[in-house]
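Asker: sequence first, predicted model second:
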Amino acid sequence: MELTDIKGKKILIVGLGRTGVSLCKFLDKYEADVTVSDHKSKAELADYLDEIEGLNIKYDLGGHSPKTFLQQELIILSPGIAPQLKIFEYARNHGVQVTGEFEFASQFVKEPVIGITGTNGKTTVTKLVSMMLKESGVKTWVGGNYGTPLTDYVLANDKVDVLIAELSSFQLEHVNTFSPKNIVFTNLAEDHFDRYKTMEEYVNAKRRIFINTNQNTTSVLNADDNAIVELARDPSVQRGRIFYFSRKAALEPQIMNIGGAVQVKDKIKLRTGPDIEEYSIADVKFKGVHNVENLMSAMLVASEHGATKRAMQSVISSFRGLPHRLEYVRKVGGVQFFNDSKATNVHAVRKALDAFDENVILIMGGKDTNLNYTPLQEIIRRKVKNLILVGEAKEKINRDIGDYSETFIIGTFEEAILISFQKSRIGDKVLMSPGASSFDIFDSYEERGNYFKDLVSQFKS
């Protein structure tokens with residue numbers, strides 16, 4: 001699509017959040033006939049409406065009118081809007097095209113795009129890649145699921161060398177034409193079962209990142225993740241170049257032969273061309289073996305766009321991790337507290353527990369999205385001294401893993417944090433790694449993590 005194709009076109013934006021506002025500004029600039037639909041009321045959307053005051057926009061608020069939907073030529077969904085809703089099926093059946101914001105905006109991007117996806121680690125890898133390239137003097141744009149809509153980049157018309165886009169399954173659901181120059185796939189595990197009925201549905205959404213790969217595409221894949229390896233056998237992935245990364249030193253000969261990255265003791269060996277380079281990870285400042293995987297994937301894709309060895313080693317040595325991801329909070333009376341609020345699924349909790357040997361007091365719970373927690377049974381038995389459950393999912397988690405540790409089912413979040421401290425002894429680690437989304441109590445995992453830190457800050461040594 002060309003920008004000239006937008007003028008006069010009847011376009012409906014569904015969902016007036018940050019992404020919806022960006023779309024409104026972009027489409028108004030290029031003189032589309034724009035309508036916004038949102039189930040929230042005008043009062044609830046007041047802050048967003050203030051941002052687009054004065055634009056030539058029509059509104060369908062407080063619900064979704066089928067009549068409004070059928071009057072459009074194109075419907076663009078914000079990422080949080082599930083495309084499976086009946087009203088979108090109704091519109092499609094009447095010949096209206098339905099797409100997502102990222103897919104729509106990507107049609108106007110001519111620069112190379114690094115697409116970063118996976119169940120966990122996406123944001124950390126996105127941040128690492130941007131730091132390595134910035135340190136190397138490469139001009140980048142960072143966004144997507146990371147926080148800034150791609151439409152913002154198109155609207156600003158500020159050209160960069162490469163775009164780094166974190167992509168959730170929600171954004172990938174709509175992909176038809178988007179063709180990234182590079183793909184990073186961190187891992188694949190159960191998640192978002194409040195949106196997807198089966199694991200297959202979730203995987204199929206993620207798989208769409210590969211539908212336009214070609215001989216110029218380089219994919220960076222996790223060799224230690226069986227689901228990723230299985231996905232790589234799909235014929236749609238077998239075009240272009242593939243770099244694998246692994247924490248298994250036994251894979252060093254195989255990976256170094258074809259190109260990729262592997263951890264060997266306290267070093268990362270990396271090859272993207274004729275030479276093998278070595279990087280020290282002896283002084284990394286962030287916790288969790290999974291972060292070595294994040295480093296390797298970031299290094300592989302950053303090196304494809306000009307990241308220097310000096311810059312990558314500098315980032316390895318200085319990066320302290322992101323908030324709410326195994327974040328060290330403080331030590332109180334010999335007890336260490338860690339905030340892992342971003343761990344909203346089972347895979348993330350396992351990775352967090354891998355960072356500790358034993359004597360963990362684990363706080364779990366949140367919105368119940370029908371996840372299966374039984375894969376945690378053995379690691380809970382070995383490492384968790386007390387399991388403290390709170391929130392909507394606490395009974396489900398208790399049924400799956402409650403018998404593998406001394407377990408307490410708690411009524412409020414505040415009580416859960418207090419009891420974790422009361423049960424702790426010198427040398428223990430209190431880990432808040434919920435294994436569930438925050439939306440039963442909090443508006444976001446950030447709000448949950450910040451509240452945890454506030455409560456812990458009040459404990460007296």
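Answerer: Structure received.
Asker: residues in contact with the closest residue to Ile116 other than its chain neighbours?
Answerer: If the residues on either side of it in the chain are set aside, Ile116 comes closest to Val184, at 4.4 Å by CB to CB, 6 or more residues apart in numbering. To be clear about C-beta, it is placed using only N, CA and C from the backbone, and glycine gets the same treatment. Contacts for Val184 (CB atoms under 8 Å, 6 or more residues apart in numbering) come out as 114-118, 125, 129, 219-220, 297-298, 300-301.
Asker: if I look at Val184, how far off is Arg350?
Answerer: Counting by CB to CB, to the nearest Å, the gap from Val184 to Arg350 is 21 Å.
Asker: pick the one among the contacts of Val184 closest to Gly365.
Answerer: Comparing the contacts of Val184 against Gly365 with CB to CB places Gly118 closest, at 24.0 Å.
Asker: give me the neighbour count for that closest one.
Answerer: Residues lying near Gly118 (other CB atoms under 10 Å) number 28.
Asker: for it, give me phi and psi.
Answerer: Gly118 adopts backbone torsions of phi 140, psi 170, taken as degrees, to the nearest 10.
Asker: the one 5 residues further on too?
Answerer: Backbone torsions of Thr123, given as degrees, to the nearest 10, read phi -70, psi -40.
Asker: same thing with Ser405?
Answerer: The phi/psi pair for Ser405 (degrees, to the nearest 10) is phi -160, psi 170.
Asker: who's in contact with it?
Answerer: Neighbours of Ser405 in contact, by CB under 8 Å, 6+ apart: Leu362, Ile380, Arg381, Val384, Lys385, Asn386, Leu387.
Asker: please, which helix or strand holds the fifth one?
Answerer: Translated: Lys385. Here Lys385, judged by DSSP states H and E, is contained in strand 384-389.
Asker: that strand pairs with which strands, and in what direction?
Answerer: strand 360-364 (parallel), strand 406-409 (parallel) (DSSP bridges).
Asker: of the ones you listed, which is nearest Val315?
Answerer: strand 360-364 (29.2 Å).
Asker: before we move on, the earlier item: in helices only, show me the contacts of Val184.
Answerer: Judged by DSSP state H, these include Val125, Val129, Ser297, Ala298, Leu300, Val301 as members of helices.
Asker: could those be laid out in a markdown table, adding neighbour count, distance to Ile87 and pLDDT?
Answerer: Formatted as a markdown table, the ones in helices among the contacts of Val184 follow (neighbours: other CB atoms under 10 Å; distance: CB to CB, whole Å; pLDDT from 0 to 100):
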| residue | neighbour count | distance to Ile87 | pLDDT |
| --- | --- | --- | --- |
| Val125 | 29 | 35 | 98 |
| Val129 | 31 | 37 | 98 |
| Ser297 | 29 | 38 | 98 |
| Ala298 | 34 | 40 | 98 |
| Leu300 | 26 | 42 | 98 |
| Val301 | 29 | 38 | 98 |
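Asker: where does the stretch 301-450 of the chain have low pLDDT?
Answerer: For the stretch 301-450 of the chain, no stretch is flagged by pLDDT under 70.
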